[in-house]
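A.B. asks: can you look at this prediction? I've put the sequence above it.
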Amino acid sequence: MKIALIAHDKKKDDMIALAIKYRDVLAPHDLYATGTTGTLVMGETGLKITRMKSGPLGGDQQIGSMIADGALDLVIFLRDPLTAQPHEPDVSALLRLCDVQNIPLATNVKSAEIMLDRLSAGI
């Protein structure tokens, strides 16, 4: 599978903890991430991740392009619902594309855990 990992600034620690917990589940898959998230997760887990630009600098749009092209199978986007994001239109477009392309999307830790648990079970 091809999996994208994205996290707003206040959710990066959650993404790192999630990636550490599910390292063995994520390792055999092709992983993509926005810039800072990818750097942090790679540093803590050793996972191989193809990094895009930082989200506000176009990384969300790069991931969105992959979704539109059918190049992703799952998106884990840990969003911070309590902080305004300067690139909110890009975020909204990415979420909409997941719906249009019928790509599973986890926007919080619990939904990500459910999806990764299913992935680990081979279901």
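C.D. replies: Received it, and whenever you're ready, just let me know what you need.
A.B. asks: the helix or strand residue 75 falls within: partners in the sheet, and parallel or antiparallel?
C.D. replies: Using DSSP states H and E, residue 75 sits within strand 74-78. Here strand 74-78 is paired, per DSSP bridges, with strand 2-7 (parallel), strand 105-106 (parallel).
A.B. asks: what's the angle from the helix or strand of the chain with the lowest mean pLDDT to strand 2-7?
C.D. replies: One helix or strand of the chain scores below all others by mean pLDDT, DSSP states H and E: helix 88-101, with a mean of 89. Put simply, helix 88-101 runs at 150 degrees to strand 2-7, going by axes from the mean of the first three to the mean of the last three C-alpha atoms, to 10 degrees.
A.B. asks: packing partners for helix 88-101?
C.D. replies: Using 3 or more C-beta pairs under 8 Å, 6 or more residues apart in numbering; DSSP states H and E, the elements in contact with helix 88-101 are helix 59-68, strand 74-78, strand 105-106. Using the backbone N, CA and C atoms, a C-beta is placed for each residue, glycine as well.
A.B. asks: go through that helix and flag the buried ones.
C.D. replies: Applying a neighbour-count criterion of 16 or more other C-beta atoms under 10 Å, one finds 90-91, 93-95, 97-98, 101 buried in helix 88-101.
A.B. asks: circling back to that earlier point, just name the most buried of the strands paired with strand 74-78.
C.D. replies: strand 2-7 (a mean of 24; mean count of other C-beta atoms under 10 Å).
A.B. asks: contact partners of that strand?
C.D. replies: The contact list for strand 2-7, computed with C-beta atoms under 8 Å, 6 or more residues apart in numbering, reads 14-15, 19, 26, 29-34, 37-38, 41, 49, 55, 59-60, 63, 66-67, 71-78, 94.
A.B. asks: list the contacts for residue 41?
C.D. replies: By C-beta under 8 Å, 6+ apart, residue 41 lies in contact with 5, 15-16, 19, 33, 47, 49.
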